[in-house]
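Visitor: Model the structure of this input:
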Amino acid sequence: MKICERLKSGRVTVSCELFPPKKDGELDHVCEVVRDIAALKPDFMSVTYGAGGGTSINTARIAEEIESRGVTALAHLTCVSSTKDEVARILEELKEKHIENILALRGDIPKDSDFPSPGHYRYASELVAQIKARGDFCIGAACYPEGHIECAHKEDDIDYLKRKVECGCDFLTTQMFFDNNILYNFLYRILAKGINVPVVAGIMPVTNSRQIKRICALSGTELPPRFKAIADKFADRPAAMKQAGIAYATEQIIDLISNGVNSIHIYTMNKPDIAAKIMENLSEIIG
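Guide: Modelled structure (predicted):
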């Protein structure tokens, strides 16, 4: 099923994300993660392209495994990691595996990279247009409620986002955020720009305070004072940090749903137990 159709249904949807193994020998473990998360019956599961594209060879294979479990798969595809010829090959592979949902991304540019070379698409909007031209795919793209870290002006960032939609993007998924008011403001601003495709709110349950501070520093995501207090308080108590992180994410999601944001995407970091706990916390809300 195409994800855009599900998102337009008006009901609450909850999806999960996982990433492929860093080593081929770990593929069986990731397939176990797929099995465990699929058992929670999310509306769809996305599988990333792997850092730097190094593990992207398994993305289509894992997406196929997701579909075999009766769950809709969303395969990531980045133009930093793949040349135009490689993109064309991957699209054919996804067609063969009956994967019809793709998240089109530029991807993080590695240090000392010569990107963009003549053989690469430079922008995610170009990748979106190429996917649209090569098949009947449902295409998602990323959006940044706090602005992309490489973009100096938020209004310019929204203009780039609108370009993705004009090129054929069917829905958007946000980068993680920890203050819902930031998302509400963002939704108002993009609607004012004429962007009216469904927006999926990306939520990351934090179980490691040091790790999240590093991730936020790289992505430009702000940690609100309330969350900083939690991270500082439980930094040296992993079990307590995990419980607090799940509680914070659950509270975020409940507030979002209460305010009409019906599409939630959980960045599970390949941890089915965290996804299971959040789904349990929401069972009566999304049931």
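Visitor: which SSE is the residue nearest the centre of the chain in?
Guide: Centroid-nearest residue in the chain, with C-alpha atoms, centre = their mean: residue 173, separated by 5.7 Å. If you go by DSSP states H and E, residue 173 is part of strand 171-174.
Visitor: hey, where'd the helices end up in this structure?
Guide: Along the chain, counting by DSSP state H, helices occupy 3-7, 27-38, 59-68, 84-96, 124-134, 154-166, 180-192, 209-219, 225-233, 238-258, 272-281, 283-286.
Visitor: Out of these, flag the one nearest residue 47.
Guide: Nearest of the helices of the chain to residue 47, taken as C-beta to C-beta: helix 59-68 at 4.6 Å. (Each C-beta comes from the backbone N, C-alpha and C, glycine too.)
Visitor: Can you point out the buried residues in that closest one?
Guide: 59, 60, 62, 63, 64, 65, 66, 67 (16 or more other C-beta atoms under 10 Å).
Visitor: Quick check: closest non-adjacent residue to the fifth one.
Guide: So that's residue 64. residue 97 (4.6 Å; C-beta to C-beta, 6 or more residues apart in numbering).
Visitor: ok, now which ones touch that neighbour?
Guide: 60, 63, 64, 67 (C-beta atoms under 8 Å, 6 or more residues apart in numbering).
Visitor: Those: which two are farthest apart?
Guide: 60 and 67 (10.6 Å).
Visitor: list residues touching both of these two?
Guide: Joint contacts of residue 60 and residue 67 (C-beta under 8 Å, 6+ apart) are 97, 99.
Visitor: I'd say residue 80 and residue 107 touch.
Guide: Yes: between residue 80 and residue 107 there is a contact at 3.4 Å, judged by C-beta atoms under 8 Å.
Visitor: Once you drop chain neighbours, what's closest to residue 72?
Guide: residue 44 (4.0 Å).
Visitor: And that neighbour, how close does it get to residue 13?
Guide: Distance, residue 44 to residue 13, by C-beta to C-beta, to the nearest Å: 8 Å.
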